[in-house]
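A.B. asks: model the structure of this input:
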Amino acid sequence: MELKRNKSKKREAVYEALARVTCHPTAEMLYESLKDDYPELSLGTVYRNLTVLEEEGRVISVSHEGGHAHYDARTDPHAHFICRKCQCVMDLDLKDKTTQLYKSIEKGCGCKVESHSLCFTGVCGNCLKK
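C.D. replies: Residues are numbered from 1 along each chain as shown. Alright, predicted model coming up:
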């Protein structure tokens, strides 16, 4: 039985703030961007609503070792690059390459790939310039 959740203004505000950006913010960053418009909003409420949005399949979290989870409203299968210096998270467009990889995996092990979670780590262009 599917759990039916009530609509929430705060949850929708969190989602809309996330959907407007491509920078993959943390919960703390979302809280900072929303607190002036929603003074009663707490960081805990942002975390709880991100969990609900993730359970609903409306957002994904991009986690990495030693860092905070970053969130993405883009839920289609895609890869990310995480800078180990500044912790920024960027989307990578590898659609043609992942399609080839899916076919290779399916042929090699006789399974059906439906999705993936792929993160590369390194140093971003901005940090390399510094």
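A.B. asks: list the contacts of the nearest residue to L94 once chain neighbours are set aside.
C.D. replies: Nearest residue to L94, sequence neighbours excluded (C-beta to C-beta, 6 or more residues apart in numbering): A79, at 5.0 Å. Heads up, the C-betas are built off the backbone N, CA and C, glycines and all. By C-beta atoms under 8 Å, 6 or more residues apart in numbering, the contact set of A79 is 91-92, 94, 98, 116, 118-120.
A.B. asks: next, the buried residues of the longest helix seen in the chain.
C.D. replies: When the chain is parsed with DSSP state H, its longest helix is helix 95-109. By 16 or more other C-beta atoms under 10 Å, the buried positions in helix 95-109 come out as 98, 102.
A.B. asks: what of stretch 43-59?
C.D. replies: 45-50, 52-53, 59.
A.B. asks: still on that earlier bit, across the sheet, point out what pairs with the residue nearest to L94.
C.D. replies: Beta bridges link A79 to L92, L118 when assigned by DSSP bridges.
A.B. asks: that one and L43, how far apart?
C.D. replies: Distance of A79 to L43, computed by C-beta to C-beta, to the nearest Å: 29 Å.
A.B. asks: ok, now Y31?
C.D. replies: Taking C-beta to C-beta, one finds Y31 at 5 Å from L43.
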